[in-house]
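Peer 1: quick one: sequence and predicted model below, then my questions.
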Amino acid sequence: MKQIKYFIFIIGFLHITHLASSQIASDTVGCVPLLVRFKSPNPSLNKVVWDFNDGASSNLLNPNHVYTKAGLYKVTLKNADTLVATVNIRILPELSLKITADNYQGCAPISINFTDITSYPNALLPLEYLWDFGDGKGSTLANPLTNYTEPGIFSVTLSVKTKIPQCNTAHTFEDFINVQDKQDVDFTFTKIDPTCSYPTMVTFKNTGVTNPDYTYLWNFDNGTNSTKPNPDVVSFSESKVYQVSLEVDNKKGCRSKITKPVNLIFYPKIKLKIPSTFCLNQVIPIINETDAKTFSWDFGPNALPQISNVKSPDTIKFIQGTEQKVKLTMYSIFGCKVDTSFVINISQPDATFTADPLFGCSLPVDIKFIANHTTYEKYEWNNQQGASQHIISLKNIQRDSFYYNKLDSIPMILKVTDDIGCAASDTINFYYQLPNAQFSLSAFEGEAPFLLKVFDKSESFYPIVKWIYDWGDGTSDEYNAGNIQDAMHLYETPRSYYVNLSIFTENGCSDLYYGAWIQIHQKPTLSDLPTCSGSGSGSGSGGGVICYKDSILITLTGVPKEFDAFHIKLGNTISHCEDTKFVQVPLLEDPDEQKLGYTLENGGVFYENTKDVIIKIGGAKSKINYQTNCKDPKSVFFRK
């Protein structure tokens, strides 16, 4: 157990040390003088001691320190006597730039080669050079060549950038080049023949001073020289830029030299930077560093645009295809033609996938989505990253007879990304609808014996092949598509029944729950017809006289108990679905003879009394009619 605790302590200590090395020092390597800003990894330390390992220390929580000598320094941070962190600081010596030249003085024009002879540590190898020759010209080469064309004393400055910015440096070499008098020294080349093949012959012409007392030295950079003021035709056998120089000495202490480049690269050297694989509809980044005069691109019929004369086209993309052949034709300044062709691979990921099942008609169900290609870098199912397969589970739905299963869908979007970042997507809609068992009834109630007819209203995406009616009386019947229209059942016993329908489709889906209650009533026995009488506040019973505007109490007597509703009719007044045999009819408006009748109802079966009772409504009621004239509204005409 002690060994385990000790091991855990070591791990924790190493973690703190690593944290300090990467975060507590602003710089861990640099050149003298180097200012380093230190920061404690724990701001709550209260007994801080920094040891900078160069004889200096600090009690500040976040101190700064300047290193002035090269070396490797192991800096420690303690809180009281507890080591908190360490960090190594490497201090490099300050760069001391040194250069040389092949000539330090002469007469203008004079060509001078400069060479950087600085000793660089491996950690400070130069990344960039910048020369200033003091005459308004400069160079970014490591060892450049320049021509001084005017007399003067010139200071030369060299600036160097390294991978450690703090160590970047520059130095000016004062009065480094002394150019004295000026001579008329210059040349040109007037003819190159042939072009586009080697060897080729070049004619040079001395356009400066020609004096038999002077000495001349031509260097053609091809291993040959000439001492003539105007040399013979010179043969060149390689494709390159030749540095041709002419040196003239007047024998009076003035020697001049001029160097010029002679470009004999007839054919452009192809320098293209194009990745080999691109995404469909992605603009192709073309970097063309070929030195040519004209360019003609042919990207083929699947590109937009298909052709271009731009050196580095920046709008090209492929809209279809896989391997695309690209052709490039270039002409140099000499009119020499060079062709090249290469193949670009167009990545077009296939995001198609399958769903199993594609349609659902039962729950619960697991839908498995499977990508047709399984080797892509990334798969996203409805924005959720996963594998090449994805499963969705739909749970069962708690439902009753009134639940209607509508057609619904789950859209699944698959986005795939390949190893170079090309992406594609596809969508499948998984549709599901549970079968809907439904029916209507010929009637919801009736008298026994009662023949119930049912009318199928069921719906299903897949064909229904079986219907089972449970009639609620312990019996059931099975039907098929050929006889479902004949579904009916005879009930003999009065009571309530729950009729339930279950349906089954050809692919095994079902709906087991759709039903309705029906009520079967006992048929009443009528030995004598019920009698109906009415009486008002003015006089007696059926056949008597009742004053108009009286309310009337109508009474049915001798009604069997099986009847559950009563419909009373007095003249044009009907009282519907009364549940009592006593009906109060208010305010008879007109004196007259009125027929009093009734209809009895037993579970939807109606028994109508065909023998009417006459009720006399007595009293007098005056009526008058009148007419007015619109032109003379105060004139009123009365009539009977």
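Peer 2: On my side now, so go ahead.
Peer 1: residues in contact with the residue most central in space within the chain?
Peer 2: Nearest to the mean C-alpha position of the chain, by C-alpha atoms, centre = their mean, lies residue 383 at 7.9 Å. Residue 383 sits next to 413, 415 when contact means C-beta atoms under 8 Å, 6 or more residues apart in numbering. Glycine gets a C-beta too; all of them are placed from N, C-alpha and C.
Peer 1: repeat that for residue 440.
Peer 2: The contact partners of residue 440, by C-beta under 8 Å, 6+ apart, come to 454-455, 457.
Peer 1: what kind of secondary structure is it in?
Peer 2: Three-state call for residue 440 (DSSP: H, G, I helix; E, B strand; the rest coil): strand.
Peer 1: and it, how far from residue 514?
Peer 2: Applying C-beta to C-beta, to the nearest Å, the value for residue 440 to residue 514 is 11 Å.
Peer 1: ok, now residue 239?
Peer 2: 91 Å.
Peer 1: higher neighbour count, those two?
Peer 2: The neighbour comparison of residue 239 against residue 514 (other C-beta atoms under 10 Å) goes to residue 514, with 23 against 14.
Peer 1: remind me which helix or strand that one belongs to.
Peer 2: strand 510-521 (DSSP states H and E).
Peer 1: what comes up buried for that strand?
Peer 2: 510-511, 514-516, 518-521 (16 or more other C-beta atoms under 10 Å).
Peer 1: equivalent analysis for stretch 284-295, please.
Peer 2: In stretch 284-295, counting by 16+ other C-beta under 10 Å, buried: 284, 286, 288, 290, 292, 295.
Peer 1: secondary structure class for the fifth one?
Peer 2: Of the three states, residue 292 takes coil according to three-state DSSP.
Peer 1: give me the phi and psi for it.
Peer 2: Backbone geometry at residue 292, expressed as degrees, to the nearest 10, gives phi -140, psi 170.
Peer 1: can I assume it is in contact with residue 332?
Peer 2: Yes: contact criterion C-beta atoms under 8 Å: residue 292 and residue 332 qualify, at 5.6 Å.
Peer 1: anything in contact with each of the two?
Peer 2: Taking C-beta under 8 Å, 6+ apart as the contact rule, the neighbours common to residue 292 and residue 332 are 268, 338.
Peer 1: just to revisit the earlier point, what's the spacing between the strand holding residue 514 and its chain's center?
Peer 2: Relative to the centre of its chain, strand 510-521 is centred 51 Å away, using C-alpha atoms, centre = their mean, to the nearest Å.
Peer 1: kindly export it (C-alpha atoms) in CSV.
Peer 2: Taking C-alpha atoms only, strand 510-521 is exported to CSV below (Å, rounded to 0.1, in the frame of the first residue of the first chain):
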residue,chain,number,x,y,z
SER,A,510,-52.7,-5.5,-36.9
ASP,A,511,-55.1,-3.2,-35.1
LEU,A,512,-56.9,-5.1,-32.3
TYR,A,513,-58.8,-2.4,-30.7
TYR,A,514,-61.8,-0.6,-32.2
GLY,A,515,-65.3,-1.1,-30.7
ALA,A,516,-68.7,0.3,-29.9
TRP,A,517,-71.4,-0.3,-27.3
ILE,A,518,-74.9,-1.4,-28.4
GLN,A,519,-78.0,-1.7,-26.3
ILE,A,520,-80.5,-4.5,-27.0
HIS,A,521,-83.9,-3.8,-25.3
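Peer 1: for the record, mean pLDDT for that strand?
Peer 2: Mean pLDDT, strand 510-521: 90.
Peer 1: then stretch 150-169?
Peer 2: Computed over stretch 150-169, the average pLDDT equals 95.
Peer 1: check stretch 449-456 too.
Peer 2: 95.
Peer 1: which outside residues touch it?
Peer 2: 438-443, 446, 467, 469, 471, 484-485, 487-492, 499, 501, 518, 520.
Peer 1: of these, buried ones?
Peer 2: Buried among the contacts of stretch 449-456 (16+ other C-beta under 10 Å): 438-439, 446, 467, 469, 471, 484, 487, 489, 491, 499, 501, 518, 520.
Peer 1: of these, which is the nearest to residue 47?
Peer 2: Nearest to residue 47, judged by C-beta to C-beta, of the buried ones among the contacts of stretch 449-456 is residue 438 at 85.1 Å.
Peer 1: for residue 478, what are its contacts?
Peer 2: So residue 478 contacts 466-468 (C-beta under 8 Å, 6+ apart).
Peer 1: please redo it, this time with the cut-off set to 6 Å
Peer 2: Applying C-beta atoms under 6 Å, 6 or more residues apart in numbering, we find residue 478 in contact with residue 468.
Peer 1: run through the bridge partners of it.
Peer 2: Beta-bridge partners of residue 478, counted by DSSP bridges, are residue 468.
Peer 1: separation between it and residue 436?
Peer 2: With C-beta to C-beta as the criterion, residue 478 and residue 436 are 19 Å apart.
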